[in-house]
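[1] sequence and predicted structure below; questions after.
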Amino acid sequence: MTALGGPPSTANGHGYSVTPMELRISNRTIVRVLLITAAVGAALYLLWLVRSTIILLFLAVFLAVALGPAVDWFGRRGIPRALSVLLVYLCIAGAIFGVGLLIVPPVVNGVDKLSSNLPGYVDHLRRSKTFRKFDDKYDVTAKLNDQAAKLPAKLGSAVGTLQAVTVGVFSTLVQLLAVLTMTFFMLLEGSKVVDFVIRARGPTTSDRLERVLVQVYRSTAGYVAGNLVISLCAGTVTWITLAALGIPYAAPLAVLMGFLDLIPLVGATVGGVAIGLVTLFHDFPTSTIVWFVVLIVYQQVENYILQPMVYRKTTEVHPLIVIASILAGSTLLGVLGALLAIPVAAAVQIVVRELWARRDEHRADQIVEGVGLP
């Protein structure tokens, strides 16, 4: 037994006897606290070791909830659940393949045009007075020749980099396959598992749990719908801008922009830079400058006006929380964190709202019992 305290009694200035409070902690309590602390620390360490698996699991849950409405749509038409999931997968794969068909021809034509016109571009650049002044000042040509001479020596490191990239791509494909597999089984059997968990609770708890899960499901589906609306806006702005500039393949490039805009943080930037490269070969530099000005302005409007407004309608999350959650998610987990930030914020908001409602009901019951109402 461990006892903490002062002497048994003391006297204050008024002559009263004061007994100080003693704090007694048994050895069993100390051991219990130490064991609990060690167990919590070990659990957190194990979670940290399997953090990548947990992230993939959360991603699979998100995809299952996001694709659930499409699977249910096929199911309402009498199609078996497993076949409905496969049809949704095929639709997504078909959409990606279709975007590729729209984008590959312009890219191939652009590369062919660049390769055929490259000697002329280089010759025109060398004859330019501006380039000659720039070259005389900064020795650009000499530096390029020096780097070209060092290129064979860098092939060894390039092979190592290529191997690392190959391993990274293979690892990403394996993780993608694992996520798609988990998503498939969640879509196939997830509702049964959820129903079992709900039924295992008491009547009152099961009703609350079911209400929370339904709201989370709807908010996540609303997030996906809102993301599609925002991507449609990005594609529309891209098509209008490119068509006004007279850029060829404006429609396929707009589709590419809308598709990449589905990827948080980097999608719109990658699409914008790719389209900017296309503008280099049409009325340069006017079209390129106009495009990047439009891109920068639209990204600011999308990030700080369009996204908060749309997600407030589709997920009922306040615009300030939308912006803060995206910033926090991207800081913690990058692109994946930005993708999951708003659904997680919506789920937390729903749970907190339900807890507040439960607290208010409990207080109301206490008041009724206190005044003796029937």
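    In hand now; what should we look at? Numbers count the residues shown, from 1 in each chain.
[2] packing partners of whichever strand or helix holds residue 196?
    Per DSSP states H and E, residue 196 falls inside helix 155-200. Under the contact definition 3 or more C-beta pairs under 8 Å, 6 or more residues apart in numbering; DSSP states H and E, helix 155-200 sits against helix 51-75, helix 81-127, helix 203-245. C-betas here are computed from N, CA, C, even on glycine.
[3] give me the angle between the second one and helix 155-200.
    Computed with axes from the mean of the first three to the mean of the last three C-alpha atoms, to 10 degrees, the direction of helix 81-127 lies at 150 degrees from that of helix 155-200.
[4] how about the shortest one?
    Using the same axes, to 10 degrees, the inter-axis angle of helix 51-75 relative to helix 155-200 is 60 degrees.
[5] measure residue 87 to residue 187 for me?
    According to C-beta to C-beta, to the nearest Å, residue 87 and residue 187 sit 11 Å apart.
[6] ok, the two, which is more surrounded?
    Under the criterion of other C-beta atoms under 10 Å, the comparison of residue 87 against residue 187 puts residue 187 first, with 24 against 15.
[7] and the protein, what are its domains?
    Per automatic domain parsing, the structural domains of the chain span 55-119+135-200, 201-367.
[8] and the pLDDT for residue 197?
    On pLDDT, residue 197 comes in at 68.
[9] which one is residue 213 nearest to, not counting chain neighbours?
    Of all residues not flanking residue 213 in the chain, residue 194 sits nearest, at 6.3 Å (C-beta to C-beta, 6 or more residues apart in numbering).
[10] so what pLDDT did that neighbour get?
    For residue 194, the predicted pLDDT is 71.
[11] that one: neighbour count?
    Residue 194: 15 neighbours (other C-beta under 10 Å).
[12] any idea how far residue 41 is from it?
    Distance of residue 194 to residue 41, given as C-beta to C-beta: 32 Å.
[13] in TSV: the helices and strands packed on helix 155-200, plus distance to residue 342 and mean pLDDT.
    Converted to TSV, the helices and strands packed on helix 155-200 look like this (distance: least, C-beta to C-beta, whole Å; pLDDT from 0 to 100):
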stretch	distance to residue 342	mean pLDDT
helix 51-75	10	85
helix 81-127	21	78
helix 203-245	5	84
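[14] including distance to residue 356, could the ones you listed go into TSV?
    Shown next, in TSV, are the helices and strands packed on helix 155-200 (distance: least, C-beta to C-beta, whole Å):
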stretch	distance to residue 356
helix 51-75	24
helix 81-127	36
helix 203-245	12
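[15] just name the most buried of the domains of the chain.
    Of all those, domain 201-367 carries the top mean neighbour count, a mean of 17, counting by mean count of other C-beta atoms under 10 Å.
[16] thank you, goodbye.
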